[in-house]
Structures are given as C-alpha cells and as structure tokens.
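Visitor: Have a look at this fold, sequence not included:
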C-alpha cells in the first residue's frame, strides 16, 4: 500500500487524524510525508506503534521532528529499507544511533541538509547498516574524511554516494571509496574543492561501474582525471565538470574517444570551463548517444562551433549563453553604458 500526504501537508486536521490513519492502515509499506511541515514526533510514534510493515518513508522537510522520532521508528518499524530525512535539521548523531540499532536493514538513507550530523553519526551507520546502497550527505558540512572512511569500510555494497557541499573532504575519502566500494555507480561531489587528480585516479582504477559523476567546482582536477575515467570507467553516462577551469579540449578528446564516449555518454556539463573551445565540440561529434551539453559562460566556444555540432548531431540539446559585447563609450562620455551581462531590449 502506498500513500502520499503532500497535498494535506499543512491541514489543521492532519495531525489529529494521523493516529487514526495509522491504526487503520497497518499494512502500509510506502508513505510519503514530504513537506508536511506541521507533523511532530507524535506522527512517528503512531507509525511505530501501528505500522510495523513500513518499508519506505519520506520525511523530507518535516522540520519539527527530532531524535525521538528516530528512536520510535527504530523500535516499531524494523523493516524500513528506505528513509528520507532530508532537511530535518534537528537530527543529530544520537538520533542516527537510535535509528540504525533497530533498522539495520536500511538500503537507502537520505540526510541532505542535516547540518548537525558529525562523523560519529557515520560510525553508527558503519556498525549496523551493512546493506546500505544509497547514502546522501549533501550539505552535511561537519562531515570529514574520518566519517566517509568509516562508511566505506562498513558499507561495501554502496552504489550511490552524495557528498556535495561537504567541503572538508580530501583525497582520503576518494581513496577509501576506491579501496572498499567497487560497486559504486553514482558519485556526487560538487563543491568539494580539495579533491584532486590523485584521488580520482585511484577511484577510477577501482570503481569500474561508475555511471554518473558530479564534479562541479572540483577546481583542482585537470585533464588527468578525464584520462583515467576514459580508460577505466566504460559505463559513464553523465559527467558534470562545470567550473573545473583547468579542463581543456585535450581532456574531452580522451573522453570522446573512449568506450564510454562512443557508446554511453549522454550528458556533459562544462559551464564556466574557460579553456574549452570549439575543438571540444568537434571531439563530441564522436559521442553517438550524447543528449545534452551545457556550455554556459564558455567564453571560447562560438556560435559557429555550436552550429556545427547541431548539424552533425541534431538530436543533441546544446545549452549556451553568449554575453552581449560591451559597447565603446560615447564621445562625450554621457551616453548609456552596458556591462557584459546586461542588454537593453
């Protein structure tokens, strides 16, 4: 049985009726409470008491719930496999510890925006959730390499990891992933600006199942990372390199000539890659399954280059922006002036 309460998220009667709902729907397995900002810990107490078959629970943005909710779920909903606690920012390591002791069968755990979580919380996950395949830690800014290393050593079945915005991470986290998580398919590491080619080299050489990587603002990586991905990751389908300003046409050449380039690559994001030129678009003509290219603020890419790839690959969506040229100042200096980002219609 599946229920979605999104449309009733702020109804005054919602909290009052939920206990009755839980009492009368004891076979429920999937429950979506995303955005139900008025619910409190009492909701989870009701689920714990009456809904022992619950497997999939979405509590995204249920900002009023606390660690007590997780304790209740642990005691009564031991069949939970998928739990989304994104933006429940009152949750701490104590709540995670209580949760995983009873819900050790978790396969997917979303903790985006749980900003109070520290490495100690990941230690508890490591000790109990050996079936975990999906973990999202986006914007958990207190997490460091220590916590990621713990996860990797305890969760060898990990297939998807999001650490975007976890700005303390270094190559030590990539090394731990490479050595412990060979099934990894998705890595989102946007804004992890300390990661380097060395870490991605080890990762690529050990994680051959990678399909999607978000490396936006990993500003230290160079073409060397693309060379390693092109050699060792033949299943790569989507890659974001936006704001990776050291990437050049040569790196894209290696990617486009690889197995993943010829057969798998569908999405390539290169926004603000300032060294990219029309030559990159010529290389990408070899990518037969390419569906979308992002080229915002690639200042050396021209309309002519885009026109050429559209002629050769008409099904490819090319998203680009060309800032208008700043006009010269008027003779008297009193005329209206425009910056590169503005235009008068």
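Guide: Thanks, I have it. These numbers come from a predicted model, not from an experiment.

Visitor: Could you pull up the contacting residues of residue 111?
Guide: Listed by Cβ atoms under 8 Å, 6 or more residues apart in numbering, the contact partners of residue 111 are 85, 86, 91, 117, 135, 136, 137, 140. For every residue, glycine as well, the C-beta is placed using N, CA and C.

Visitor: What is the most widely separated pair among those?
Guide: 91 and 135 (14.5 Å; Cβ to Cβ).

Visitor: What about residue 193, how many residues nearby?
Guide: Around residue 193 there are 15 other residues, counting by other Cβ atoms under 10 Å.

Visitor: Could you do residue 264 as well?
Guide: Other residues close to residue 264 by other Cβ under 10 Å number 19.

Visitor: From residue 29, how far out is the closest residue in space to it that isn't next to it in sequence?
Guide: Leaving aside its chain neighbours, residue 264 sits nearest to residue 237 (5.1 Å; criterion: Cβ to Cβ, 6 or more residues apart in numbering). Distance, residue 237 to residue 29, by Cβ to Cβ, to the nearest Å: 31 Å.

Visitor: picking up where we left off before, where's the residue nearest to residue 264 relative to residue 267, distance?
Guide: From residue 237 across to residue 267, the span is 7 Å (Cβ to Cβ).

Visitor: for residue 206, same thing?
Guide: Distance from residue 206 to residue 267, by Cβ to Cβ: 24 Å.

Visitor: For residue 251, give me its contacts.
Guide: Contacts of residue 251 (Cβ under 8 Å, 6+ apart): 222, 223, 224, 225, 226, 227.

Visitor: Secondary structure of it: a helix, I assume?
Guide: Yes. Per DSSP: H, G, I helix; E, B strand; the rest coil, residue 251 lies within a helix segment.

Visitor: Give me the pLDDT for residue 332.
Guide: Note for residue 332: predicted pLDDT of 46.

Visitor: In which helix or strand does residue 135 reside?
Guide: strand 134-136 (DSSP states H and E).

Visitor: same question, residue 307
Guide: Judged by DSSP H and E, residue 307 forms part of helix 303-312.

Visitor: still on that earlier bit, for the residue nearest to residue 264, give me its contacts.
Guide: By Cβ under 8 Å, 6+ apart, the neighbours of residue 237 are 211, 212, 260, 264, 265, 266, 267.

Visitor: hang on, the earlier thing: any chance of the contacts of residue 111 in TSV, plus distance to residue 37, pLDDT and neighbour count?
Guide: Shown next, in TSV, are the contacts of residue 111 (distance: Cβ to Cβ, whole Å; pLDDT from 0 to 100; neighbours: other Cβ atoms under 10 Å):
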residue	distance to residue 37	pLDDT	neighbour count
85	14	98	28
86	13	98	19
91	15	98	24
117	21	98	23
135	25	98	23
136	20	98	22
137	23	98	27
140	21	98	25
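
Visitor: Nearest to residue 294 among those?
Guide: The closest of these to residue 294 turns out to be residue 136 (Cβ to Cβ; 22.5 Å).

Visitor: Run a quick check on the closest one versus residue 110, I expect a contact.
Guide: Yes. Judged on Cβ atoms under 8 Å, residue 136 makes contact with residue 110 at a distance of 4.4 Å.

Visitor: wait, isn't residue 188 in contact with residue 169?
Guide: No. Between residue 188 and residue 169 there is no contact under Cβ under 8 Å: 11.9 Å.

Visitor: Identify the contacts common to those two.
Guide: residue 163.

Visitor: I'd assumed residue 254 was in contact with residue 227.
Guide: Yes. Counting by Cβ under 8 Å, residue 227 does reach residue 254; the two are 4.8 Å apart.

Visitor: show me where this protein has helices.
Guide: Under the criterion DSSP state H, helices of the chain are mapped to 14-24, 41-50, 67-76, 93-102, 119-128, 145-154, 171-180, 197-206, 223-232, 249-256, 259-263, 278-284, 303-312.

Visitor: Show me what the second one packs onto, helices and strands only.
Guide: Taking 3 or more Cβ pairs under 8 Å, 6 or more residues apart in numbering; DSSP states H and E as contact, the helices and strands that helix 41-50 lies on are helix 14-24, helix 67-76.

Visitor: Need the residues that contact that helix.
Guide: With Cβ under 8 Å, 6+ apart, helix 41-50 has contacts from 15, 18-19, 21-23, 25-26, 31, 33, 54, 57, 62, 64-66, 68-70, 72-73, 75-77.
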